[in-house]
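Participant: Predicted model and sequence below, questions to follow.
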Amino acid sequence: MINLGRAQLEKLIIHRVGNKLLEESVLLSDEETDLSTQPDLSEILRTYFTGAFKDPVYYHFHHVSSLELNEIYTIAAALFNSRKGFVKKSKDIANILYGYSNHPKIKGGELYITCFDECLINDETTDAIGIFKSENREHYLRVFQEDAYFGVNHDEGISLKRPDKACLIFNVKEKEGFRVCIIDSQNSGNEAQYWKDEFLKLKPVADNYYQTQNYLTLAKEFVTGRLDDEFEVSKADQIDYLNRSINYFKRNEQFDEQEFAHDVFEHQEVITSFKKFKGDFQNENALHVVSEFEISAQAVKRQSRVFKSVLKLDRNFHIYIHGDKELIEKGVDPDGRKYYKIYYREES
């Protein structure tokens, strides 16, 4: 858990990083941005940079050979040790990002390098380094007054909702690659991989959140992708399995794979198929999915959004299935039309 409500923005420098493939340039500042005379602006920027980190997933820096070969990790460690040379190190970060900005869909934009004090992560107060990039601009109206006349014109600027890409590096667990949170509004396609995988070189921290998220993803993909290949199951049956899966995680604090498989899938042949799918899932995604862990309520809440309980029938009806699937019966009438029969006691 992080709390950035008392974080203090101590240093800021802004560069502009273009698309290297499109032969756009990288423009580097020689001086920090002076915030000492603009406390209101400092608070607006603090909120802009940190406001979106409300439900973070933790990552850590890594490298296939040695952690010290991860360039951003090395720069962050040096800045945590001493903020001397902040301008030079911020330029190094900008140049590294520019080197990876070589996909035609990557947008150029302003790059903000920051230092924060008074950040709270898992009840520990520490400092943090921020790397933020704004890529998209918006038009806005500017109203002005001249004597008894009001006029209006338009300008172009950066939305204060949140940066397009963001990274917060917390000064904890240095030997494990620190604790890092990221935002990437462009989260699909090859152009998105350069921020997390190429520029920062991050991997998820294998904590309870990570394990819970992985197992829910595993269960969902088995139910929606493999189950009907091996067994005769209806869409209503699939939704029932999804409901059973998410409800197990909501009811329990500790996960046990054998208990989960028995409660959710019941029949031995389905359980056997699920365990085989787990092996395939781990190999295909280069993951190790453990069989016992403490369930993260935060991960369950987030994953619940993608466990759909809606049965869509042509374009006429949506049926929301939340409980006992025995109360819904599927059939075909003499004219070949498919139907569902629903049993209930009360309506509201």
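Facilitator: Looks like it came in fine. Numbers count the residues shown, from 1 in each chain.

Participant: Residue 208 reaches residue 296, doesn't it?
Facilitator: Yes. Contact between residue 208 and residue 296 holds when scored by C-beta atoms under 8 Å: they sit 4.5 Å apart. For every residue, glycine as well, the C-beta is placed using N, CA and C.

Participant: neighbour-wise, which of those two wins?
Facilitator: Set side by side, residue 208 and residue 296 show unequal neighbour counts under other C-beta atoms under 10 Å, the larger going to residue 296 at 21 against 16.

Participant: Distance from the host helix or strand of residue 97 to the middle of the chain?
Facilitator: The secondary structure element spanning residue 97 is helix 86-100 (assigned by DSSP states H and E). Between the mean C-alpha location of helix 86-100 and the chain-wide mean there is a distance of 24 Å, by C-alpha atoms, centre = their mean, to the nearest Å.

Participant: Give the buried residues for the helix or strand following it.
Facilitator: Using DSSP H and E, the helix or strand that directly follows helix 86-100 along the chain is strand 109-121. Using 16 or more other C-beta atoms under 10 Å as the burial criterion, the residues of strand 109-121 that qualify are 109, 110, 111, 112, 113, 114, 115, 116, 119, 120, 121.

Participant: Quick one: list the elements packing against strand 109-121.
Facilitator: Contacts defined by 3 or more C-beta pairs under 8 Å, 6 or more residues apart in numbering; DSSP states H and E place strand 109-121 against strand 2-3, strand 8-17, helix 39-50, helix 86-100, strand 124-134, strand 165-170.

Participant: what's the offset of the shortest one from the middle of its chain?
Facilitator: Between the centre of strand 2-3 and the centre of its chain there are 16 Å (C-alpha atoms, centre = their mean).

Participant: What strands flank it, and is each parallel or antiparallel?
Facilitator: For strand 2-3, the paired strands and their directions (DSSP bridges) read strand 109-121 (antiparallel).

Participant: Just the angle for the partner strand relative to strand 8-17, thanks.
Facilitator: Inter-element angle recorded for strand 109-121 and strand 8-17: 150 degrees (by axes from the mean of the first three to the mean of the last three C-alpha atoms, to 10 degrees).

Participant: Tell me the helix or strand right after the lowest-mean-pLDDT helix or strand in the chain.
Facilitator: When the helices and strands of the chain are compared on mean pLDDT, DSSP states H and E, helix 190-193 comes out lowest with a mean of 64. Using DSSP H and E, the next helix or strand after helix 190-193 towards the C-terminus is strand 202-204.

Participant: May I have the strands that pair with that following strand, each with its orientation?
Facilitator: On the basis of DSSP bridges, the sheet neighbours of strand 202-204 come out as strand 59-61 (antiparallel).

Participant: So what's the gap between the next helix or strand along the chain from the partner strand and the chain middle?
Facilitator: Beyond strand 59-61 in the direction of the C-terminus, DSSP H and E gives the next helix or strand as helix 71-81. Centroid separation between helix 71-81 and its chain, computed with C-alpha atoms, centre = their mean, is 24 Å.

Participant: Whatever helix or strand residue 142 lives in vs strand 109-121, what angle?
Facilitator: Taking DSSP H and E as the definition, residue 142 sits inside strand 137-146. Orientation check (the same axes, to 10 degrees): strand 137-146 against strand 109-121 gives 100 degrees.

Participant: Name every strand pairing with strand 137-146 and say which way it goes.
Facilitator: Looking at strand 137-146 with DSSP bridges, its partner strands are strand 149-158 (antiparallel).

Participant: any idea of the mean pLDDT in the strand it pairs with?
Facilitator: Looking at strand 149-158 alone, the average pLDDT works out to 85.

Participant: And for stretch 234-248?
Facilitator: Averaged across stretch 234-248, the pLDDT comes to 87.

Participant: okay, it in PDB with CA atoms only?
Facilitator: These are the backbone C-alpha positions of stretch 234-248, laid out as PDB (Å, rounded to 0.1, in the frame of the first residue of the first chain):
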ATOM      1  CA  SER A 234     -23.200 -24.200 -22.000                       C
ATOM      2  CA  LYS A 235     -22.500 -20.500 -21.600                       C
ATOM      3  CA  ALA A 236     -24.500 -20.600 -18.500                       C
ATOM      4  CA  ASP A 237     -22.200 -23.400 -17.100                       C
ATOM      5  CA  GLN A 238     -19.200 -21.300 -18.000                       C
ATOM      6  CA  ILE A 239     -20.600 -18.300 -16.100                       C
ATOM      7  CA  ASP A 240     -21.400 -20.500 -13.100                       C
ATOM      8  CA  TYR A 241     -17.700 -21.700 -13.000                       C
ATOM      9  CA  LEU A 242     -16.500 -18.100 -13.200                       C
ATOM     10  CA  ASN A 243     -18.900 -17.100 -10.400                       C
ATOM     11  CA  ARG A 244     -17.700 -20.100  -8.300                       C
ATOM     12  CA  SER A 245     -14.100 -19.100  -8.900                       C
ATOM     13  CA  ILE A 246     -14.400 -15.400  -7.900                       C
ATOM     14  CA  ASN A 247     -16.600 -16.300  -5.000                       C
ATOM     15  CA  TYR A 248     -14.000 -18.700  -3.600                       C
END
